[in-house]
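J.: Below: sequence and its predicted model.
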Amino acid sequence: MPTVDLNTPVQYLKGVGPARAKVLNEIGIVTVEDLLYYFPRRHLDRTTITPIRSLVRDTTATVIGKVEVCGERKTRSRKLYQAVISDGTGLLNLVWFNGIPWVKRSLQVGDRVAVHGKIEFFNGFQIVHPEYDLLNTNDDPLSTGRIIPLYPLTSELKKVGLDNRRFRRMVYEVHKQVDEIPELFPEWVLKAHHLVPRATALRDIHFAEQESNLRKAIRRLKFDEHFFLQLLMALRKEALSRAGTKPLDKVGPYVKLIYDQLEFELTAAQKRVLKEIRNDMAKPVVMNRLLQGDVGSGKTIVALLAAAIAIGNGVQVAVMAPTEILAHQHYASLKRYTDAAEITCAILVGNTKTRERESILKALREGRIDLIVGTHALIQKDVKFRELGLVIVDEQHRFGVVQRGDLIAKGLNPHFLAMTATPIPRTLAITYHGDMDLSIIDELPRDRKPVITKKVTPERLPKVYQFIKDEVQKGRQCMIVYPLVEETEKSDLAAAVEAHQQLAEQVFPEFVVGLIHGRMKKEEKDAIMDAYSRNEIQILVATTVIEVGIDIPNATVMLIEHAERFGLTQLHQLRGRVGRGSEKSYCILVQRHYSENSNKRLTIMERTNDGFEISDEDLKMRGPGEFFGIKQHGFLKYKIADLVTDGPLIRDARQAAFDLVARDPHLRKPEHGLLRQRFLKEYQHMLELVNIG
């Protein structure tokens, strides 16, 4: 039998040919290596199969049986295809409403099938639109005890005859023919982290003889995926450690001037974090630190004191925020301190008037502005600094790597501090921000009381409105938030405008009810927020434009309409807009549509104010791709790894990657040749970050 290697095109495998090769190429299977890395979506073994007599309604199950009857059937309104399978313990109905021609062609009486889906009951147990795989008698795990791989096959593959039986046969033949699967890792990595060799893992992921072998294979292949991303982080961190910069080692005069103005004592956590930042900036290598803290934990004052240290060392500081409203909020809160300390501070946003913008740009170039706050406007080409020494980015996950890099490039290796009020689960922190040192403010100021949170149905709203009236009559203020979802922006905005009118005229006619939303001009928004901050507006109806950047200590009630439409992290961010003063505060979640998932989210909000606990739950419920409210980050190319469940394995992979880079910072040693080659292939698009090319 001829041997093949990992680079052999699949077209030359026995039984493939040009037509099948074309379809395989379209799903990314070009070479033998690609085929071996096309992992099963599920495995069948004795432990995963449920006898029909043991099925339970509303659970998900896998059943193996023989097709007794099958055929097309018409109902009053539509056609459906139905099959009945038996396994010796009972009968199970399978129903398809769509894709009838395909099912009709692929399913015959007498076929043995593995079916998977949700068990329903309608004149007996049934699965609607089950996933199914044809098995031959040799594949039957009930008689052989064999673990069978089931692959994620497209309809195009099935059209060229590659159903699960043939696909399995193709992978099996490749394993018999492949000459060698070289190991990527040096022996010390395999031993230190208890990993099976790559060749063993790639065999057992497809054809394990027992479940323990399959588990070891999955662990090794998951480890590989986590390792290469952690290697990117380790190399990035190592490259930064080589980037020399000006040490900002003097405390300077400004820190004390600002500190003396504070009306409160810094918490122990704030002092600890400030010390970490100060120690970093005093070194002649670039600081690359993430400051993480829950809403209201006092990150801004820490950032200001860090900026004061930098300015005391004769360099300029840039603070970049993701939205204009947040940039203006930062500017307003920083300026009251910088003015007293005689630090020159300016703001630059997209709609800064031309004459004012030119004046700011000139002052920046000449070094007459110490601290500039802004949005993406700061990364425009004509924005130049005399000496940019510290870059602070707020809510950094909203900016891409390139955008952050564009701002950093305006200085000569400036120190970098990122801030986020979105508490990030540890597994995500070391994955998305693994090249950064982490500082956590895990303590709220002493006078901050936990916000009392309750979910209510619309029927309870009259009582809620009365409660709001009582609070406002005590001199306090309220916010009522409506969701603004991109796909339905116009109708949602209309709902908020209509609600504002109804609330102002019918529910709260004795109070001033304001409205703020993202479509307003900046001047309008500023005027509304200014009036709200002076309590000239008692009740503010808003879209999620207020999610970040609003600091009104007198606001004690937050009412969130259609709360089921928000993710946990966003609800927590919104809740953080109240409870910023010394009075007891409340967050009321109006649940207008019930679903299990949304009810679970709102119950978690009622139970805890802990942002880290909330972020962990959010990650479990929504997965990593949507955790930040944005699509999956481009550098995650996971086929088998799972950020939600692989926490300990991620830490193992991180340790291995950092140990390897400590031994070989440029991956130049001969024993790391294959590993380097694989890394360059995986992260071609990000090599400028690591400087090993």
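T.: Good, I have the coordinates.
J.: Now residue 43: closest residue in space that isn't a chain neighbour?
T.: With CB to CB, 6 or more residues apart in numbering as the criterion, residue 43 has its nearest non-adjacent residue at 5.2 Å, and that residue is residue 147. All C-beta atoms are positioned from the backbone trio N, CA, C, and that covers glycine.
J.: and that neighbour, what does it touch?
T.: Residue 147 makes contact with 43, 44, 45, 141, 207, 208, 209, 210, 211, 214, according to CB atoms under 8 Å, 6 or more residues apart in numbering.
J.: Kindly recompute the last result at 10 Å.
T.: Residues counted as contacts of residue 147 (CB atoms under 10 Å, 6 or more residues apart in numbering) are 40, 43-48, 141, 204, 206-211, 213-214.
J.: okay, and the helix or strand of the protein with the least pLDDT?
T.: Every helix and strand of the chain was ranked by mean pLDDT, DSSP states H and E. The lowest is helix 141-144, at a mean of 46.
J.: Just the helices from the stretch 101-250 of the chain, written as ranges.
T.: Remark: helices assigned in the stretch 101-250 of the chain by DSSP state H, counting those that start in this stretch are 141-144, 155-159, 164-177, 187-192, 198-207, 211-242.
J.: got a markdown table for these, with distance to residue 90 too?
T.: Below are the helices of the stretch 101-250 of the chain laid out as a markdown table (distance: least, CB to CB, whole Å):
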| stretch | distance to residue 90 |
| --- | --- |
| helix 141-144 | 15 |
| helix 155-159 | 29 |
| helix 164-177 | 24 |
| helix 187-192 | 47 |
| helix 198-207 | 31 |
| helix 211-242 | 26 |
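J.: Mean pLDDT lowest where, among these?
T.: Among these, helix 141-144 has the lowest mean pLDDT, at a mean of 46.
J.: Give me the mean pLDDT for stretch 393-412.
T.: Per-residue pLDDT over stretch 393-412 has a mean of 69.
J.: That stretch spans what distance, first to last residue?
T.: This stretch, stretch 393-412, spans 17 Å end to end (CA to CA, to the nearest Å).
J.: do the same with stretch 504-524
T.: 18 Å.
J.: Following the helix or strand hosting residue 303 in sequence, what is the next regular element?
T.: Element membership for residue 303, per DSSP states H and E: helix 299-312. Going down the chain from helix 299-312, the next helix or strand is strand 316-320, by DSSP H and E.
J.: Name every strand pairing with that following strand and say which way it goes.
T.: strand 371-374 (parallel), strand 388-394 (parallel) (DSSP bridges).
J.: nearest to residue 526, of those?
T.: strand 371-374 (15.0 Å; CB to CB).
J.: What segments of the stretch 301-450 of the chain are strands?
T.: Counting by DSSP state E, counting those that start in this stretch, one finds strands in the stretch 301-450 of the chain at the ranges 316-320, 345-348, 371-374, 388-394, 415-420, 437-441.
J.: packing partners for the second one?
T.: Where contact means 3 or more CB pairs under 10 Å, 6 or more residues apart in numbering; DSSP states H and E, strand 345-348 is packed against strand 316-320, helix 324-340, helix 354-366, strand 371-374.
J.: Mean pLDDT for these - can I get that in CSV?
T.: Shown next, in CSV, are those (pLDDT from 0 to 100):
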stretch, mean pLDDT
strand 316-320, 94
helix 324-340, 86
helix 354-366, 94
strand 371-374, 95
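J.: Would you reformat the ones you listed as CSV and include distance to residue 421?
T.: Converted to CSV, the helices and strands packed on strand 345-348 look like this (distance: least, CB to CB, whole Å):
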stretch, distance to residue 421
strand 316-320, 15
helix 324-340, 10
helix 354-366, 27
strand 371-374, 17
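J.: Ok, which of the ones you listed comes nearest residue 8?
T.: Minimum separation from residue 8 across the helices and strands packed on strand 345-348 (CB to CB) falls at strand 316-320, 49.4 Å.
J.: Any idea how many residues pack against the closest residue to residue 312 other than its chain neighbours?
T.: Excluding the flanking residues, the one nearest residue 312 by CB to CB, 6+ apart is residue 252, at 1.5 Å. Residue 252: 16 surrounding residues under other CB atoms under 10 Å.
J.: Verify the contact between residue 252 and residue 282 for me.
T.: No. Contact criterion CB atoms under 10 Å: residue 252 and residue 282 do not qualify, at 11.9 Å.
J.: who touches residue 208 in this structure?
T.: 43, 45, 146, 147, 149, 200, 201, 214, 215, 216, 217, 218.
J.: Given the longest strand along the chain, what are its sheet partners and their directions?
T.: For the chain, the strand that runs over the most residues, judged by DSSP state E, is strand 60-74. Using DSSP bridges, the strands paired with strand 60-74 in its sheet are strand 79-86 (antiparallel), strand 112-118 (antiparallel).
J.: right, and the helix or strand after the longest one?
T.: Moving toward the C-terminus from strand 79-86, the next helix or strand (DSSP H and E) is strand 91-96.
J.: Which strands and helices lie in contact with that next one?
T.: strand 60-74, strand 79-86, helix 100-106, strand 112-118, strand 120-121, strand 125-128.
J.: at 6 Å what do you get?
T.: strand 79-86, strand 125-128 (3 or more CB pairs under 6 Å, 6 or more residues apart in numbering; DSSP states H and E).
J.: Can you tell me the strand partners of it and which way each runs?
T.: Sheet partners by DSSP bridges: for strand 91-96, these are strand 79-86 (antiparallel), strand 125-128 (parallel).
J.: With respect to residue 670, which of those lies nearest?
T.: strand 125-128 (54.7 Å).
J.: and the closest one, how far out from the chain's middle?
T.: Chain-centre distance of strand 125-128: 35 Å, with CA atoms, centre = their mean, to the nearest Å.
J.: Over that strand, what's the mean pLDDT, rounded is fine.
T.: Mean pLDDT, strand 125-128: 93.
J.: Pull the residues that contact it.
T.: Taking contacts as CB atoms under 6 Å, 6 or more residues apart in numbering, the residues outside strand 125-128 that touch it are 55, 92, 93, 94, 95, 117, 119, 120.
J.: same question, stretch 68-81
T.: Stretch 68-81 is touched from outside by 82, 83, 84, 86, 95, 96, 97, 100, 103, 107, with contacts defined as CB under 6 Å, 6+ apart.
J.: now do the same end-to-end measure for it.
T.: Using CA to CA, the two ends of stretch 68-81 sit 14 Å apart.
J.: Rounded mean pLDDT for that stretch, please.
T.: Rounded mean pLDDT across stretch 68-81 is 85.
J.: What residues sit buried inside it?
T.: For stretch 68-81, the neighbour count (16 or more other CB atoms under 10 Å) marks 70, 81 as buried.
J.: one step back: take the helix holding residue 303, keep the C-alpha atoms, and write them as PDB.
T.: C-alpha atoms of helix 299-312 as PDB (Å, rounded to 0.1, in the frame of the first residue of the first chain):
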ATOM      1  CA  LYS A 299     -10.700  53.200  38.000                       C
ATOM      2  CA  THR A 300     -10.800  56.700  36.700                       C
ATOM      3  CA  ILE A 301      -9.100  58.300  39.700                       C
ATOM      4  CA  VAL A 302      -6.300  55.600  39.500                       C
ATOM      5  CA  ALA A 303      -5.800  56.400  35.800                       C
ATOM      6  CA  LEU A 304      -5.700  60.200  36.600                       C
ATOM      7  CA  LEU A 305      -3.000  59.600  39.300                       C
ATOM      8  CA  ALA A 306      -1.000  57.400  36.800                       C
ATOM      9  CA  ALA A 307      -1.300  60.300  34.300                       C
ATOM     10  CA  ALA A 308      -0.100  62.800  37.000                       C
ATOM     11  CA  ILE A 309       3.000  60.600  37.500                       C
ATOM     12  CA  ALA A 310       3.700  60.500  33.700                       C
ATOM     13  CA  ILE A 311       3.200  64.300  33.300                       C
ATOM     14  CA  GLY A 312       5.500  64.900  36.300                       C
END
